[in-house]
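Novice: Model the structure of this input:
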Amino acid sequence: MKKIMGLFLLIFSISILGCNIFNPTDNSPQVYPTIITPLSEQELEILQREFRATNNFLMCSRLDRYGLVDREGFCAIENPNIPIEEREVIELSKLTLYKNRKFTNVKDTTGLAIGRIFMMTPNRDNTHWRIDYLQQQYNGHKILDTEIVLWAHGNGVYRINGHWYTDIFIPENVEVQEAEAQESLIGTEIIWYDAAGREQVFTVTEETLIDETPQKVIVPLQVEDNIELRITWEIGVRFSFQNYPSWYLYVDVISGELIRIVQLFVT
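Specialist: Sure thing, here's the model as predicted:
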């Protein structure tokens, strides 16, 4: 099995290198924000059949209504109990994501950064693995909600959760500067819940803003049926007794809207 797997990886790796995946073409439209619209039921069913066929009907994941591999959902197939090593899992995961680039948008495997990889069967032979990839970096900007998780047995990757984005327009000039974005948040009320489940209200003040230069971050924003890829300032906010952020607040660099709040602590 290992000799066969090794030959497969070698052949597929050579074929990938011939596809110029390291310099993908950027055909980004010059309109802000980039908008992704849902497919019709018929279009989605055609793509779903193509996705299954691409993976020899061994992949149990499904596509979302935009034709990309769904970030949510659980599925499983029977474990063939064939040992597979960590190195093979990493290679197979990259090959699988690229082979499914139409559905994952992973067109450059050099951009994949592993967050963690571990055995799902720690008390048995290494026959079942999970590998988590970190958020996508697009032109130097991270994109929220783009972590990709894969599961693999000895027969290969059988499940993918998540996808990347492509052809994103990033305006050169912004309407809202970093300092303006930070100032606009003063007085904002953040609702959070303590360990007992009681609602708490935190009000942002100048003193609770993290004293660091905000970074530009791309945020996929659900607007009715569409996904808008917004460029934002990521601004840290802290409890007054901390030196590190308790929340990140995301302010659109063009409209100045606060479009997302991410809590960084667990209660």
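Novice: so is Gln182 in a helix, a strand, or just coil?
Specialist: Assigned state for Gln182: helix (three-state reduction, DSSP: H, G, I helix; E, B strand; the rest coil).
Novice: who are the neighbours in contact with it?
Specialist: Under the criterion of Cβ atoms under 8 Å, 6 or more residues apart in numbering, the contact list for Gln182 reads 209, 214, 233, 235. From N, CA and C alone the C-beta is placed, and that goes for glycine too.
Novice: Return the backbone torsion pair for the residue lying closest to Glu207 once chain neighbours are set aside.
Specialist: Excluding the flanking residues, the one nearest Glu207 by Cβ to Cβ, 6 or more residues apart in numbering is Ser240, at 6.3 Å. In this entry, Ser240 is assigned phi and psi values of phi -60, psi -20 (degrees, to the nearest 10).
Novice: Dump the contacts of Gln182 to CSV, plus neighbour count, secondary structure and distance to Thr267.
Specialist: CSV is the format used below for these (neighbours: other Cβ atoms under 10 Å; DSSP: H, G, I helix; E, B strand; the rest coil; distance: Cβ to Cβ, whole Å):
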residue, neighbour count, secondary structure, distance to Thr267
Leu209, 19, strand, 22
Pro214, 22, coil, 26
Trp233, 25, strand, 26
Ile235, 25, strand, 22
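Novice: What is the most widely separated pair among those residues?
Specialist: Of all pairs drawn from the contacts of Gln182, the one with the largest separation by Cβ to Cβ is Leu209 and Trp233; the distance is 11.6 Å.
Novice: Quickly list the domain ranges of this protein.
Specialist: According to the domain assignment given by automatic domain parsing, the chain is divided into the following structural domains: 35-161, 178-263.
Novice: SS state for the nearest residue to Asp225 once chain neighbours are set aside?
Specialist: Here the nearest residue to Asp225 in space, its sequence neighbours aside, is Pro38; by Cβ to Cβ, 6+ apart that works out to 5.2 Å. Of the three states, Pro38 takes coil according to three-state DSSP.
Novice: 516 is where my numbering starts, stick with that
Specialist: Done: numbering now begins at 516, and the last item shifts to Pro553.
Novice: any idea how far the residue nearest to the spatial centre of the chain lies from Tyr648?
Specialist: Among the residues of the chain, the one closest to the centroid is Thr661, at 0.8 Å (Cα atoms, centre = their mean). Thr661 sits at a distance of 9 Å from Tyr648 (criterion: Cβ to Cβ, to the nearest Å).
Novice: Between these two, which contacts overlap?
Specialist: Residues touching both Thr661 and Tyr648 (Cβ under 8 Å, 6+ apart) are Gly677.
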